[in-house]
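Student: Have a look at this prediction, sequence included:
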Amino acid sequence: MSRERSFNMIRTVVSMLVAILVAFVIILLVSDQPVESIKIFLVMPFSSGSYLGNIVETAVPLIFSGLAMAVMFKANLFNLGGEGIFFIAGAVGSFVAIWPKFPSVLAPLAAIVVGALVGMVVMMVPGGLKAKYGANEMVTSLMMNNILLGVGLYLLNNALRDPTVASLVSYKYRKKALLATIVPGTRIHAGFLIAIACAVLVYLFMYKSKWGYEIRMTGNNAKFASYSGINVAKVILVVHMVAGAIAGAGGIIECIGLHKRFEWTALPGYGFDGAMIAMLAGNNPLGVIGAAFFVSYLRVGADLVNRSSDIPTEMIAILQSIIILLISAERFLHKYKQRWIEKGEKK
Amino acid sequence: MENYLLEMKDISKIYGNGIVANEIVNFNLKKGEVHALVGENGAGKSTLMKILFGMEAPSSGTITLRGEPVRFSSSKDAIAHGIGMVHQHFMLVESFTAAQNIILGMEPKKGFSVNEEEAVRFTEEISKKYNLEVDAKAVTRTLPVGIKQKIEILKALARGAEILILDEPTAVLTPQETDQLFEELTNLKEQGHTIVFISHKIPEIKKISDRITVMRAGKTVGCRNTADVTEKEISSMIMGCEMDTTITRTPCKKGEVGIAVDKVSYTDKNGVEVLKDFSFSVRQGMVFGIAGVQGNGQVELIDLMTKKRSLKNGDIRLGGASIEKMKIQDIRKTQFGYVPEDRIEQGIAGHESIEENMISNRYSTKEFCNKILLNYKKIAEFAKKNIESYEIRCSGGRHPVGMLSGGNMQKVVVARECSHEPKVLIAEQPTRGVDVGAAHIIHKKIMELRDDGCAVLLVSADLSEVLKLSDVVAVMYEGEIVAFFDQTEGLNEEKLGLFMLGLERHEEEQIRRAVQ
Amino acid sequence: MNAFMRLIFTSDFFYSIFRVTTPLLFASMGAVLSDIAGVPNIALEGMMLIAAFAGMYFSYVFGSAFLGLLCAILFAVAAAGVMAFFTLYYKTNIILGGIAINSLASGGTVFFLYLAAHDKGTSVSLPSKVLPNINIPIIGDIPIIGPVISGHNVLTYVAVIAVIFTWYLLKKTPLGYHLRAVGEKKEAADSVGISVIKTQTIALLLSGLMCGFGGAFMSMGYVSWFSRDMVSGRGWIALAAEAMGMQHPLGTAATSLLFGVADALSNAVATLGWPSDLVKTIPYCATLAGLAIFSVRAYKKSKNV
């Protein structure tokens, strides 16, 4: 048993190493100064306070999307709607951050609450369709992403847009609506603390509360859950609402924490990132924090490489898919596992 | 040294999850014999045959066929060497016709297309040759179990099988269908085929086989000529030591009506009337056994009682309350227990721990939950108590249920369903695929509940189980009760078999006594 | 409203329905072929994207539309091969494997687009080739119907053939029998020596082949360049069409056509000055609504037993 679990950890670490190795290969093939680039990729993110700050601030939205996906996966739901939720919650939350004159602490709070509510309500569409009628949540949520993008852009073009700026961005948020910077000299904002708190809360919710129990049993075997008297339809809806709220909060926090105005004109891509982070973390909410930091480290590294040697940051997408494929590959390293377990058996 | 057609030597098999299924097993076949492979559930018979049929690779050991060493990496290899297998769970594509199933993988062609006419002709030809009658054009889904089995046997023969492995072929048959199968097997034997017959029913083995190999706990115990051993001797070889599995039965103390099924009719989505005006009742303190061949409406009846299907005609009352307006969640709030037919599909969450599986029907009660948080300390204590009382073999309450053996898994299910003093218990095939020791514990627990005044409904295809536990027995045939016995004394399997096949039927008045 | 009607009842509009349905037909046949063998391919989107990029790039490199098409197919099938390798041999969850391929396609094509064209948006700076349109001799001259049916890109006609091919393959050929048997009961197939893994690999590769055609059409027919995420959800719409067509090739083709109409509509009304951000969501709304209605009906049917 413990061998089974430690083996999964080893496999995760090996997958991460393979991903980094692939990054080396790509850099070797594409870069004019490969050795230098690899050094930049691996070491430079740790070289200065401001780069370290970049890692932390990049990790914040990843933690939120990772948490949302971990809750979904734990319930055996494959909903990739996080993308759209991030976007629409950011857009709608921006109204609260631009116009109402709330006092300082209340202002960001109001925006976050609105963002979370938007996420919750929007997720009820695929959630409700799945819970009541069994509609495939992956297809519906992906359709929702495109619809939400259209709606969000419509809001941006027709209500939020700052006409004094040439590019398509919203009015600036009110100063009081922004999240405070918590580490001077970096852009690390209070959203980071909220993300950590959120991860702890989700952990308690999933592993200590009766709702978490219902979700895990449903995810493991829905027929069993329903036979046991758990209201599976309700669980599916609750999971969607919780995940929607987390993703929604993540969307607006990213806006008022980092961007100072709404400036997304395409889906930010956090939905798929969340899927990978949740998998890296084995769907454990506390593990999501670590996984988000790992991905964010890769990002910052890739970004730095991009600045010095013209390798597009989309390299990360290639690494990401390799990680997903390897971590979820049950038979990856299977031979070693078999040998290891047989050894354990003989003891 | 005798000349064997097949010899398997020192075979062992360790699965990826560490379970040792076979340990130094030896098995051989002579040409033209019926060889019985016996042992209780979990003794390793199926694993051994899967190795022979190329579905599993042995961890060590050798296989010699017709004097040549062989190694099968897939069932395709085994088939090519003239080995055929009829699995316990049929390997048939339900939406295909009989002919399509038989020619699958060796389709006759006309251009790029499958030659359907040739397929039908071929099926009819071999069906006649081996005297196994099937309708080539019938869609498999619509056929009865006995015919499906014939299709399976034909499938193997059509591929040139000389060695035919039958895995518990009689488990799904009535005594009369079994007799017919035995005739067919004898016929095949006379045509020169060699048959491996897996079973744990000793009288059948005596009747059909020439030799017997007994397995116990993953090892071969021995190989004998059937004529040289008595049923008693086989039995003690299977068990190892004599195990007392008799149940002491106290006189039935009938109480209130616990389960009442009143004029229930049900039509399934194919328009077939699966239950016809079905009525019976179970009083507290008794076990009501329902016997019948699978697929005569038992599943639908229980689905209606547990709200997996919605009740349209008639009424069902559990513990006095009508369930018409209830959901399964509401029924679960009453003192209700249900041991489902398929434990892996319904009864457990395999990746979760024994502890968490043990409380799924009452996790939100005051006992384990303070409205929001679960009390894991109490849950662990509760699980520990049950692990001891049900003798569940595991490393502790945190052990994932999916890693347990079938018998121990079922004990977890039964422990959960029986440990909150239910007033109503539905037990659906409670010991199918469970080893004798576990089955005995489960039987004892069910009888304890009965003695404490629980109304128990037992639905089982295992007639010996029905006869052992029940106070009264009803036989189900084509959605109706066709026989009702108010005591089990003097009742035997053959007698039940006649009713199960619809050959006999009690008077209406007698059947009406099922409502008590 | 009148302007709207005048827009709809034209040969141009009906012509455009076939044009926009083409990639949906390919993708939905890809969905049917894989799903019927029990390996739901949710990476149709990514495979088409990869094919679209490969088609554009190699037609530019070789200066030949045909070689571009060939490479598009090759790359899509290769992507399907990667997916098959991981999901069937390494036992990666098929859904997660699909997510990975989609993510690989979405980021990877931009990565290579940047290396090739130094642009992360479109490939217009690369002079790539386009597959030819075909005028059908006699039918093309029939008024009203002629302009609707004739003059399409060669791949539009191939799409129709693909539907017939899929139907014939599944219903009539030994391979079709094997695919269906593996999808319905893989133990049954295995018990007669049909390799489940091999059959499912074939299913995924065929699915990739369909995506290869569909993707090539996007960058070498529908338009003449590649742009990031240009498949924009067509792979997912195809999955919805396949679910609603109950895995039947012809039913699925019919539903695809329905979604094609929604797509054509959104293109057509864009000229009416309606808010373009919202008009662009019409195909997705239609798919969502279609899937919802389908699910509700299926649910009611199962309830009314």
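Tutor: Sure, I can see it.

Student: Over in the stretch 201-347 of chain A, which residue gets nearest chain B? Let me know.
Tutor: residue A:229 (3.0 Å; C-beta to the nearest C-beta). In this view, the C-beta of every residue, glycine as well, is placed from N, C-alpha and C.

Student: residue contacts, the closest residue to that residue other than its chain neighbours?
Tutor: In space, and not counting its chain neighbours, residue A:229 is closest to residue B:332: 3.0 Å by C-beta to C-beta, 6 or more residues apart in numbering or on different chains. The contact partners of residue B:332, taken as C-beta atoms under 8 Å, 6 or more residues apart in numbering or on different chains, are A:228, A:229, B:361.

Student: Please pull out the lowest mean pLDDT helix or strand from chain C.
Tutor: helix C:2-8 (a mean of 79; mean pLDDT, DSSP states H and E).

Student: which helices and strands sit right next to it?
Tutor: helix C:249-269 (3 or more C-beta pairs under 8 Å, 6 or more residues apart in numbering or on different chains; DSSP states H and E).

Student: Mind checking the pLDDT average for the helix it packs on?
Tutor: Helix C:249-269 comes out with an average pLDDT of 94.

Student: Toward the C-terminus from that helix, list the very next helix or strand.
Tutor: helix C:276-279 (DSSP states H and E).

Student: Dump the C-alpha coordinates for whichever helix or strand comes after that following helix into CSV.
Tutor: Heading C-terminal from helix C:276-279, the first helix or strand you meet, by DSSP H and E, is helix C:282-303. Below are the C-alpha coordinates for helix C:282-303, written out as CSV (Å, rounded to 0.1, in the frame of the first residue of the first chain):
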residue,chain,number,x,y,z
ILE,C,282,-24.1,31.4,-32.4
PRO,C,283,-22.6,28.1,-33.4
TYR,C,284,-21.6,27.4,-29.8
CYS,C,285,-25.0,28.4,-28.5
ALA,C,286,-26.6,26.2,-31.0
THR,C,287,-24.4,23.2,-30.0
LEU,C,288,-25.1,23.9,-26.3
ALA,C,289,-28.8,24.1,-26.9
GLY,C,290,-28.7,21.0,-29.2
LEU,C,291,-26.9,19.0,-26.6
ALA,C,292,-29.2,20.2,-23.9
ILE,C,293,-32.3,19.2,-25.8
PHE,C,294,-30.8,15.9,-26.8
SER,C,295,-29.9,15.1,-23.2
VAL,C,296,-33.3,16.1,-21.8
ARG,C,297,-35.0,13.9,-24.4
ALA,C,298,-32.8,11.0,-23.7
TYR,C,299,-33.4,11.5,-20.0
LYS,C,300,-37.2,11.6,-20.4
LYS,C,301,-37.1,8.6,-22.6
SER,C,302,-35.3,6.6,-19.9
LYS,C,303,-37.7,7.9,-17.3
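
Student: which other helices and strands contact helix C:282-303?
Tutor: helix A:106-133, helix A:137-155, helix C:234-244, helix C:249-269.

Student: Please tabulate those helices in CSV and include distance to chain B as additional columns.
Tutor: Formatted as CSV, those follow (distance: least, C-beta to the nearest C-beta, whole Å):
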stretch, distance to chain B
helix A:106-133, 14
helix A:137-155, 21
helix C:234-244, 18
helix C:249-269, 16
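
Student: Could you look over those helices and pick the most buried one?
Tutor: helix C:234-244 (a mean of 29; mean count of other C-beta atoms under 10 Å in any protein chain shown).

Student: Now that helix: average pLDDT?
Tutor: Here the average pLDDT along helix C:234-244 is 95.

Student: can that helix be found next to chain A?
Tutor: Yes - counting by C-beta under 8 Å from any C-beta of the partner chain, chain A is contacted by helix C:234-244 at C:236, C:237, C:239, C:240, C:243.

Student: From residue C:3, how far out is the fourth one?
Tutor: Noted for residue C:240: a distance of 30 Å to residue C:3, by C-beta to C-beta, to the nearest Å.

Student: host element of the residue lying closest to residue B:56 once chain neighbours are set aside?
Tutor: Nearest non-adjacent residue to residue B:56, counting by C-beta to C-beta, 6+ apart: residue B:50, 4.4 Å away. When elements are assigned from DSSP H and E, residue B:50 belongs to helix B:45-52.

Student: which element follows that helix toward the C-terminus?
Tutor: Helix B:45-52 is succeeded, C-terminally, by strand B:60-65 (DSSP H and E).

Student: For the residue most central in space within chain B, give me its contacts.
Tutor: The centre of chain B sits closest to residue B:432, judged by C-alpha atoms, centre = their mean, with a distance of 4.6 Å. Neighbour list for residue B:432: B:341, B:460, B:461, B:462 [criterion: C-beta under 8 Å, 6+ apart].

Student: okay, the residues you listed in CSV with neighbour count next?
Tutor: What follows is the contacts of residue B:432, written out as CSV (neighbours: other C-beta atoms under 10 Å in any protein chain shown):
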residue, neighbour count
B:341, 19
B:460, 24
B:461, 20
B:462, 17
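
Student: Relative to chain A, which of those residues is nearest.
Tutor: Out of the contacts of residue B:432, the member with the shortest distance to chain A (by C-beta to the nearest C-beta) is residue B:341, at 11.0 Å.

Student: Show me the shaky parts of the chain.
Tutor: Chain wasn't specified; assuming chain A. The model of chain A has pLDDT under 70 over residues A:1-4, A:338, A:340-347.

Student: try again with chain C
Tutor: C:1, C:304-305.

Student: By proximity to chain A, which residue of it wins?
Tutor: For chain C, C-beta to the nearest C-beta, closest residue to chain A: residue C:107, 1.9 Å.

Student: surely that residue meets residue A:320?
Tutor: Yes - when contacts are counted by C-beta atoms under 8 Å, residue C:107 is listed as touching residue A:320 (7.2 Å).

Student: What are the boundaries of the strands in the chain?
Tutor: Since you didn't name a chain, this refers to chain A. With DSSP state E, there are no strands along chain A.

Student: oops, chain C please
Tutor: Counting by DSSP E, the strands of chain C are C:133-134, C:152-153.

Student: Output those as CSV; include the columns mean neighbour count and distance to residue B:65.
Tutor: Shown next, in CSV, are the strands of chain C (neighbours: other C-beta atoms under 10 Å in any protein chain shown; distance: least, C-beta to C-beta, whole Å):
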stretch, mean neighbour count, distance to residue B:65
strand C:133-134, 14, 60
strand C:152-153, 20, 59
